Structures are given as structure tokens and as C-alpha cells.
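> what's the 3D shape of this:
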Amino acid sequence: MNFSRSKSFTKANIQNVPDNKAVVYRINNDGGKNLYTGIAGRGRVQERLLEHKELKGESVPGGTKFQIAQVENKDRARKIEIQIIKKDQPKFNEQNK
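Okay, the predicted model is just below:
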């Protein structure tokens with residue numbers, strides 16, 4: 001799985017994310033630690049990342065960077081998400097999904 005280079009978790013950077021395929025995304029802290037892993041379907045990538053950014057009190061405290069990986073479809077994204085959550089055990093994901 002090839003994730004993009006880390007980008008600052010800002011609205012401007014989120015608006016530049018491609019929206020034409022499903023993605024798996026990670027929200028990381030400054031040290032690169034995975035705090036949250038999620039998926040978004042085609043056409044909802046920017047919206048989903050903005051939901052994390054705009055929730056009161058930040059839905060992912062300490063999340064300063066994000067990465068995405070485009071995949072064929074949402075089913076594939078879900079399988080990859082589960083693998084990453086099991087491996088990394090991100091602090092803000094429900095464990096053992």
C-alpha cells in the first residue's frame with residue numbers, strides 16, 4: 001500500500017486531495033504516529049477529511065498530518081483499513097473492528 005507523502009492537516013491541503021477514487025487515509029501526529037485510519041468513497045474524500053478537521057474539539061486530537069492511498073473501490077479500502085487498524089492500533093479507532 002503506497003500512501004502519499006504526509007501533508008499538513010489543513011483545509012487548503014484537504015481541498016487539493018483527489019476525489020475520483022476511494023481512499024484509505026491516516027491522520028498522524030508530528031512524529032508520524034498513526035492516530036486514526038479511515039476510508040472514504042469516491043466523491044466523498046475531501047468531505048470525510050473535513051469532517052475530522054471541523055468537529056468540535058478535533059475528532060483526532062494531536063492530528064497534524066494526513067496521508068491518503070487511492071484504491072479501486074470501497075470494499076478494498078475497508079479490507080486495507082482493517083489490516084492497518086490491527087497492525088497500528090491507532091489511538092482514536094475502535095480496536096478489533
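> CA only for contacts and neighbour counts going forward, please
Fine.
> tell me which other helices or strands the lowest-mean-pLDDT helix or strand in the chain touches.
Lowest on mean pLDDT, DSSP states H and E among the helices and strands of the chain sits helix 45-54, with a mean of 91. Of the remaining helices and strands, those touching helix 45-54 by 3 or more Cα pairs under 8 Å, 6 or more residues apart in numbering; DSSP states H and E are helix 11-15.
> next secondary structure after the helix it packs on?
Note on helix 11-15: by DSSP states H and E, the next helix or strand toward the C-terminus is strand 22-28.
> within the sheet, what are the partner strands of that next one, with directions?
Strand pairing for strand 22-28, determined by DSSP bridges: strand 34-40 (antiparallel), strand 65-71 (antiparallel).
> what mean pLDDT does the first one get?
In this model, strand 34-40 carries a mean pLDDT of 96.
> what do you get for stretch 13-23?
Taken as a whole, stretch 13-23 has an average pLDDT of 96.
> dump the helix ranked longest in the chain to PDB, restricted to CA.
When secondary structure is assigned using DSSP state H, the longest helix within the chain turns out to be helix 74-88. This file holds the C-alpha atoms of helix 74-88, laid out as PDB (Å, rounded to 0.1, in the frame of the first residue of the first chain):
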ATOM      1  CA  LYS A  74     -14.600   1.000  -1.100                       C
ATOM      2  CA  ASP A  75     -14.600  -2.800  -0.400                       C
ATOM      3  CA  ARG A  76     -10.900  -2.900  -1.000                       C
ATOM      4  CA  ALA A  77     -10.500   0.200   1.200                       C
ATOM      5  CA  ARG A  78     -12.400  -1.500   4.000                       C
ATOM      6  CA  LYS A  79     -10.100  -4.500   3.900                       C
ATOM      7  CA  ILE A  80      -6.900  -2.400   4.000                       C
ATOM      8  CA  GLU A  81      -8.400  -0.200   6.800                       C
ATOM      9  CA  ILE A  82      -9.000  -3.300   9.000                       C
ATOM     10  CA  GLN A  83      -5.400  -4.600   8.400                       C
ATOM     11  CA  ILE A  84      -3.900  -1.200   9.300                       C
ATOM     12  CA  ILE A  85      -6.000  -0.900  12.400                       C
ATOM     13  CA  LYS A  86      -5.000  -4.300  13.600                       C
ATOM     14  CA  LYS A  87      -1.300  -3.600  12.900                       C
ATOM     15  CA  ASP A  88      -1.000   0.000  14.200                       C
END
